[in-house]
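Asks: Show me how the following folds:
(chains A, B and C)
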Amino acid sequence: MSKIVNRVCAGLFLDSVILMQISRSITRLDGVEDAALMIGTPSNLDLLDNAKLLARASRKATGGDLILAVRARDETAAASALAKAEILLERPTVGHTGTTTLRPRTLRSAQDILPAANLALISVPGDFAAAEARKALRAGLNVMLFSDNVSLSEEVSLKREAVAAGLLVMGPDCGTAIIGGVPLAFANQIPQGAIGIIGASGTGIQEVSSLIAQAGYGVSHALGVGGRDLSDPVGGISTLAALAMLEADSATRHIVLISKPPSQSVAKRVIDTLAHSEKPCTVCFLGADAPSLPDNVSFARTLKAAAELATGRSSKNKRPEFKSVIPPVPPGRQRIHGLFCGGTLSSEAQVVFLDQGVSVASNAPIPGAEAVGSGTSHVLIDLGSDEYTRGRPHPMIDPTVRDEELTKALADPTIAVILLDVVIGFGAHPDPAGTIVQVVAAAGTERPIVVASVTGTDDDPQDRRTQVAKLVDGGIVVAPTNADAAKLALSCLVRDD
Amino acid sequence: MNKASDQQKSGAQIKEKTVQQSLLNGPPQVINLGLASFADELTKQGTVVVHVDWSPPARGDVELANLLSKLNE
Amino acid sequence: MMTTSEKVGSNIRKANAEAIRRILEAKPVLIDVVPASEAIPALQEGMILHAGPPIDWGNMCGPMRGAVTGIAVFEGWATDLAEAEQLAESGAFSLNPNHDFGAVGPMTGMTTLSQPVLVVENRASGNHAFCTINEGLGKVMRFGGNDASVLKRLGWLRDTLGPALGVALRAGKGIELKPLVARGLTMGDEMHQRNLGCSSLLLRTLAPDLARTVDDRTALAEMLSFIGSNDQFFLNLAMALGKAIMDPVCDIDCSSVVTAMTRNGTDFGIRVSGLGDEWFTAPVEMPEGLYFPGFSADDANPDMGDSTIVETIGLGGFAMAAAPAVAGFVGAGTPSIAADFTRTMGEITLTQNPEWTIPALDYQGVPTGIDIRLVVETGITPTINTGIAHRKPGIGQVGAGVVKAPLACFELALKALATRLGVR
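Replies: Residues are numbered from 1 along each chain as shown, chains lettered A, B, ... in the order given. Just a heads-up that it's a prediction; the model follows:
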């Protein structure tokens, strides 16, 4: 037989919503059949009565009274429910935090929150990226388009719209930018300085800006433009816009332009524009022969050379950690196998090989290099290309792809030297050196020589010094720059011969 | 015809210089759409950033999204 | 050279700017209370206006049927509920949406010839909107109640309170409603589930004129007590003011602004400015909320009523931040959650109403002008604060809560607007 227990609290008024909430939590208690907390108005008394919740003594209650009514399995359950109700009444808001983490759901409402915003950083899936970028441009925002899989025609239309609105589109597939000292997406902690960088490649910007920082200089801004910007269809729209910006920027005293070889007509337009610049410029078209250049423009074959030209000094690194002892190449091995997270770093390594007269193959070959499967023995792989990253994270974020390829290469008896890049900085894996060392250690002693370089700075979250030390401790030969690592790999073979 | 469009272009470039200057005039103020980690990194560095809790427009319905983009043009 | 779609977008923007202008510049004033037959000349014997989009007897939910039979007895078209049901079944009544006659009604929303209606004039556009007088809490017709006590109260409203309010209002210059709502928002009202502040303010304003014009002291006391004891008295007025504001917005070519949202207990329907009086409907959803003792979600009727007109003008669920207590209906109940509801509605609205501000949001205005494009794009649908009726006729209110407008209405409307504008 169920038991109805009431308590009448005189002169206690609480919002009916709070009362309903408490009623609900009491009703859920074990042994409770029904419960209600109500002000004792006549209509409420009827309600309670109809719900078989009203004790006879409570019929005298008035609108100034609060009735705590419980119908429960037995006296004990009813009493504990009433006790719980009283606790909740004392602190009706108990158990809730007052903070809210509501985030805007659209660019439009984000702009309401931050009307001074001047840049949209877009990394939504490629199918939606162009539409979001267009919204951003229409809202008067510059765009850094990290997303890839944006069609060429979308890219052109976005960039044209941006120019008409006096805005810049960085990307698509723009992984790196530094604006006013702020690293965006995959970038490194670089001191502010006088060198402005424009790059059609993320890791190219990272290597050059890191080498500039290592040499004791700084970067004013680094603007990505996307890998296709200097192609014929796009026509260098963003490169030219970025050049105009850096030209007008008083903090920028030297301009570095990094790209894979551009189309001839676009290269001409860019160089004509540079000729009118009042600032000294360095051009690095990785893999292209030096074009004829105006007096204020120098040409760099490699990223390393670009950094040297921009800073005006050679980045010869005399740090002790690079004095690694290079072990002899195991007998019978002749191949160099490169596994790169940075596509531009793989291009730079190819330049080094070709400049030394060594033929090389790649899945992303520069002019003069062969395609993979052509029978060329030295192979430099860009693990960031679609065939490795489709449906998987980029190896800079999650090294699984590289770990797998590295494990295979370590077990390959034809490989003499494995060449690696290690890219650190914001957005990158927290400890790429650590994972490489683990994989290499698992291969045992009968393995190829592993040569690596670390792209980044001592101020990066991963700390370049720490990463280098880990690699050296793990038996990996570390070169000061990516170009030096390629040279070092070649010299191992030469020594062996 | 060509001359007119050239004039238009140079007009656009003047505007371009004045407006684009503002992107490089100080630390950027960022609206982040997509990877939340980018916004987190920027916040850690003290950059002003608002992260959008983004989801595909029209819940990913291609036909509706297409109509929307045309109605929004 | 412009493409068609570029022109469409700018036409929509222009049309919406005009819609917003009309919403913000509206000037609703309570000017009178008259019998519905006088306010709406098109009303005929046997004609019943109901809440929501069009619906026939066969598809009506329990409470709606209860109200139809009750009002038929009240109007003298049937001698009892059983006869009324037979007549309804035989198609003897003409059932029409309130919205087609410049009217709105809460929950079942019955409007017939002899019921007194509040008359709100929009002095910016000159149009009028009507709503019956709120019956109070408990067993009432708007929740499908139809017993003798319900009909008796309707009789008193018809014979006593309605005429007296009419006389008192005609003696004055009318009561401007926008400033009243603005004050209500600062007093914790959102004008849908909480009208305590505005009801009190209205009584304070009406009382002197009532006292001057009603001779019978007992009757006067009864009227003052009726209004004073009904925290929701203002709801019907808020609805009429909403209708008065939105009706002039109904015919702007190309506009994607929602001009009406309403439900009949079976379907949820919306109208869009650029699509005139066409309804876009989808099955109505169940409210989520808290129940009176003895009742549970099993007893609940699907959502019902024209009262969503208040959300259409930025009140109710859209103004939740002003009424933190009401946020409790979703089960969390913190003031910060209340603010989130209002902020979220900002995602689907074009502007904020500078006259209706919310102290807890640093005096931001209520989110105003629902754009179907924003609803479809974000998948965020309007949040509606609502009462919950028992699914059986004649029982009445069993709780209160929050319900979402179904997304399908907005998707249908978007497709129709695209077709209308030649976009495919």
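
Asks: so what's whichever residue of the stretch 201-350 of chain C sits closest to chain A up against?
Replies: Closest contact between the stretch 201-350 of chain C and chain A, by C-beta to the nearest C-beta, is at C:G294 (3.0 Å). For every residue, glycine as well, the C-beta is placed using N, CA and C. By C-beta atoms under 8 Å, 6 or more residues apart in numbering or on different chains, C:G294 lies in contact with A:34, A:47, A:50-53.

Asks: do that again at 7 Å, thanks
Replies: For C:G294, the residues meeting the contact criterion (C-beta atoms under 7 Å, 6 or more residues apart in numbering or on different chains) are A:34, A:50-51.

Asks: now, which of those sits nearest chain B?
Replies: Where these are concerned, and distances follow C-beta to the nearest C-beta, chain B has its nearest neighbour in A:D34, at 39.6 Å.

Asks: Chain B contacts on chain C?
Replies: Residues of chain C found near chain B, taking C-beta under 7 Å from any C-beta of the partner chain as the criterion, are C:5-6, C:8-9, C:12, C:373, C:376-377, C:379, C:411, C:414-415, C:418, C:423.

Asks: May I have the secondary structure class of the residue of the stretch 201-350 of chain C closest to chain A?
Replies: Assigned by DSSP: H, G, I helix; E, B strand; the rest coil, the conformation of C:G294 is coil.

Asks: Over to A:D173?
Replies: Secondary structure state of A:D173, per three-state DSSP, is coil.

Asks: and what of the one 5 residues further on?
Replies: In terms of secondary structure, A:I178 is strand; the call rests on three-state DSSP.

Asks: Please identify which helix or strand holds A:Q21.
Replies: Secondary structure assignment for A:Q21, by DSSP states H and E: helix A:16-27.

Asks: What's the mean pLDDT across the helix or strand just after that helix?
Replies: Scanning forward in sequence from helix A:16-27 by DSSP H and E, the next helix or strand is strand A:32-39. Summarised as a single mean, pLDDT over strand A:32-39 is 89.

Asks: ok so, going back, can you say which of the contacts of C:G294 are buried?
Replies: Buried members of the contacts of C:G294, scored by 16 or more other C-beta atoms under 10 Å in any protein chain shown, are A:34, A:51.

Asks: give me the element C:L24 is part of.
Replies: When secondary structure is defined by DSSP H and E, C:L24 falls within helix C:4-25.

Asks: Check whether that helix comes into contact with chain A.
Replies: No - if you take C-beta under 7 Å from any C-beta as the test, helix C:4-25 misses chain A, and the best it gets is 9.6 Å.

Asks: how far is that helix from where the chain is centred?
Replies: Here the centre of mass of C-alpha atoms in helix C:4-25, compared against the chain's by C-alpha atoms, centre = their mean, to the nearest Å, lies 25 Å away.

Asks: in that helix, what counts as buried?
Replies: Along helix C:4-25, the positions that meet the burial threshold by neighbour count (16+ other C-beta under 10 Å) are C:5, C:8-9, C:11-12, C:15-16, C:18-20, C:22-24.

Asks: Tell me the one of the residues of chain C next to chain B nearest chain A?
Replies: Taking C-beta to the nearest C-beta as the measure, chain A lies nearest C:E377 of the residues of chain C next to chain B, at 7.1 Å.

Asks: dump the residue contacts of A:D421.
Replies: Counting by C-beta under 7 Å, 6+ apart, A:D421 has contacts A:340-342, A:345, A:453, A:455, A:482.

Asks: Chain C contacts on chain B?
Replies: Residues of chain B found near chain C, taking C-beta under 7 Å from any C-beta as the criterion, are B:57-59, B:64, B:67-68, B:70-73.

Asks: Close to chain A as well: tell me which of those qualify.
Replies: Applying C-beta under 7 Å from any C-beta to these, one finds that B:P57 fall near chain A.

Asks: Now for the residues of chain B next to chain C: which two are most distant?
Replies: Among the residues of chain B next to chain C, the pair separated by the greatest distance (C-beta to C-beta) is B:R59 and B:E73, at 21.0 Å.

Asks: neighbours around the nearest residue to A:G343 once chain neighbours are set aside, how many?
Replies: Computed as C-beta to C-beta, 6 or more residues apart in numbering or on different chains, the closest residue to A:G343 that is not its neighbour in sequence is A:D382, at 4.4 Å. The criterion is other C-beta atoms under 10 Å in any protein chain shown. On that basis, A:D382 has 26 neighbouring residues.

Asks: Equivalent analysis for the one 5 residues further on, please.
Replies: When counting by other C-beta under 10 Å, one arrives at 9 neighbours for A:E387.

Asks: now swap in C:G317 and tell me
Replies: The number of residues packed around C:G317, counting by other C-beta under 10 Å, is 30.

Asks: just C:T262 next, same as before
Replies: Burial measure for C:T262: 29 neighbouring residues, criterion other C-beta under 10 Å.

Asks: Contact partners for the closest residue to chain A within chain B?
Replies: Among the residues of chain B, B:G34 lies closest to chain A, at 3.1 Å counting by C-beta to the nearest C-beta. Under the criterion of C-beta under 7 Å, 6+ apart, the contact partners of B:G34 comprise A:122-124, A:146, B:54.

Asks: Pull up the gap between it and B:V52, please.
Replies: When distance is defined by C-beta to C-beta, to the nearest Å, B:G34 is 8 Å away from B:V52.
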